[in-house]
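S.K.: generate a structure from the sequence data that follows.
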Amino acid sequence: MRVIYLTGEVQRLDGSNRLVLAVSDFDGLYGVRRRLTQRARLLANAQGAQAVAVIPWPQAMLTTADEANNHGDDAASRRMFTTLAERLALLERLTLFDTVVVAPVTSGAAGITDVKDAVKATDSGDLPHALWRRMQSLGAVVALLGATDDPLPAAIMDQARAAGGAVETLTPEGEREMTTAAQLQRLVAAGEIAQVTQRLSHTYSITGEVIAGDRRGRLLGYPTANMRPDPRKPTPAHGIYAVRVALPGELEPTHPAVTSVGVRPTFGEGLQPLVETYLFDLTMDLYGLSLNVAFVAWLREERRFTSVDALIDQMALDTQQARAMLASDDDTGMTRHGTTTADNADNADNADNADRPGASQTTDRATNEAATNEADRIGRRRPA
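M.R.: Okay, the predicted model is just below:
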C-alpha cells in the first residue's frame, strides 16, 4: 500500500489510470468505515481499477458548522480514536487499498488556513470543490464512495454528483455500524473495553513515548514503561488492563503485558495520570521509544492499598490473570492481530450476536470475579 500526501503539484498515480476513490476520515474504522474499505475493493476489482482511500487531514477540519456554533473550539478539536499513523497502519493491515492519499484541507488551492474557515468553506462548497478538483487530477475516477455520517466527504460527493460522476453513499446498517463517536468515547472513558473492541472490530490502542518515571515499579519488582496519555484521544477509565504492545517498527501489537491507567493512589494524592505498562519477559531499555498499547481486556479498577506488600500481592495476581487471558487467541475473542474472531470469520450473524450491548463485558467481569475476591482477601481498599 502506497501513501501519498496531496501537496504541491498533483501528479497522476502510478498503475491503472482508473480509480475507485473512498473518501473518509477512516478514524478507528468504526461505524460504516470498515464496510467502505470492503466496498471500494469490490468495485475496484470489478472495474479493473485501483482502490484508493482519500483521508482529508487534519480531522479537526471535519467539524460541522452546527457543532462549531454550539460547542465552539471544543467541537473543532474533538477527540479522535486513531492518530493518522494508527489509521494508516490499520488500512495497511486490511490490505484492501492500493493507495492511500492524505489530502490536507489547509491546501493552498482551497485557501483554507484554520478550522473556522474550513467549516465556512464546507458550508459554501469552496473546500469540497477544491478537493474534488485535486482528486480528479489523480486519474480517471470511475466511482466515488463515502458515508452519510461524514460531513466533508458528503459535500465532496455532492460536487462529484453535480459534475455527473458515479457516486455511491453508504449508510449505517445494524447496531455496530450505527455506533457514533460520542457513544464510543463514553465506552472508552468507562473502561468498557470488550464493547469498544466489538464496535471497532479491533483493539483500541494508544501510542506514546516512554518517559522517565520515579522507578517505583522497578523497586516493586515490576518495571513499567511510563507514557503520558495522548490528549487528542480518549483515555480508558482508571484501572488495570490486559494489553498487547507493539514496539517501534512492529505493525502488530503482540507483546503481552499489563497496563495501569491512573494516578497511583497508594503513593499519594494529586499525582498526574499516567499509563504504566509492565511487559512480560522483556528486558530492554525502552526510554524514548514510542510504544503502541492495545487494550484487550479490563481486569479491575484502580485502588488504594493500605500497604506496599498488599499492592505487590495484587500486582502478582494482575500479572497472572493477564498472562492467562493473553496466552490464547480465543481467551478474549481476539486474535493476536487485534481483530475480532467474528470479524475474521466474516459471519454477520456472529458479529450481531457479539455486538449485544454489555454481553462480552459482563463475561469479562465474571471471568475476573475470582481474582477480585482474592484481591479482597489480601487487602483491597476503597477505589481511588
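S.K.: in its sheet, what does the host helix or strand of Ala22 sit against?
M.R.: In the assignment (DSSP states H and E), Ala22 maps to strand 18-23. Partner strands and pairing direction for strand 18-23 (DSSP bridges) are strand 50-57 (parallel), strand 140-147 (parallel).
S.K.: could you dump those strands to TSV with distance to Ala103, mean pLDDT and mean neighbour count?
M.R.: No exception for glycine: its C-beta is placed from N, CA and C like everyone else's. Below are these laid out as TSV (distance: least, Cβ to Cβ, whole Å; pLDDT from 0 to 100; neighbours: other Cβ atoms under 10 Å):
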stretch	distance to Ala103	mean pLDDT	mean neighbour count
strand 50-57	5	92	24
strand 140-147	13	89	22
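S.K.: ok, the closest residue to Arg244 other than its chain neighbours - contacts?
M.R.: Spatially, and ignoring its direct neighbours in sequence, Arg244 is nearest to Pro253 (4.0 Å; Cβ to Cβ, 6 or more residues apart in numbering). Shown in contact with Pro253 (Cβ atoms under 8 Å, 6 or more residues apart in numbering): 203, 205, 243-246, 292-294, 338.
S.K.: low pLDDT regions in this structure?
M.R.: 8-10, 59-78, 106-126, 151, 214-221, 265-271, 328-384 (pLDDT under 70).
S.K.: repeat the analysis, applying 50 as the threshold.
M.R.: 61-77, 107-125, 330-384 (pLDDT under 50).
S.K.: got the angle between whichever strand or helix holds Arg41 and strand 18-23?
M.R.: Arg41 is located in helix 33-47, with elements delineated by DSSP H and E. If you take axes from the mean of the first three to the mean of the last three Cα atoms, to 10 degrees, helix 33-47 sits at 170 degrees to strand 18-23.
S.K.: i'd like the first residue to be 52 from this point on
M.R.: Yep, numbering from 52; the last one is helix 84-98 now.
S.K.: may I see the buried residues of helix 84-98?
M.R.: Buried residues in helix 84-98, counted by 16 or more other Cβ atoms under 10 Å: 84-88, 90-92, 94-95, 98.
S.K.: and stretch 149-159, by the same measure?
M.R.: For stretch 149-159, using 16+ other Cβ under 10 Å, the buried residues are 149-158.
S.K.: and the helix holding Arg92, what does it pack onto?
M.R.: Secondary-structure packing of helix 84-98 (3 or more Cβ pairs under 8 Å, 6 or more residues apart in numbering; DSSP states H and E): strand 69-74, strand 101-108, strand 191-198, strand 218-221.
S.K.: could you dump that helix to CSV, C-alpha only?
M.R.: Backbone C-alpha positions of helix 84-98 (Å, rounded to 0.1, in the frame of the first residue of the first chain) are rendered in CSV as follows:
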residue,chain,number,x,y,z
ARG,A,84,-15.9,3.0,7.7
ARG,A,85,-14.8,-0.7,7.6
ARG,A,86,-17.5,-1.6,5.0
LEU,A,87,-16.4,1.4,3.0
THR,A,88,-13.0,-0.2,2.6
GLN,A,89,-14.5,-3.5,1.5
ARG,A,90,-16.9,-1.9,-1.0
ALA,A,91,-14.0,0.1,-2.6
ARG,A,92,-12.0,-3.1,-3.1
LEU,A,93,-15.0,-4.9,-4.6
LEU,A,94,-15.8,-2.1,-7.1
ALA,A,95,-12.1,-1.7,-8.0
ASN,A,96,-11.8,-5.4,-8.8
ALA,A,97,-15.0,-5.3,-10.9
GLN,A,98,-13.8,-2.1,-12.8
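S.K.: that's all I had, so thanks and see you.
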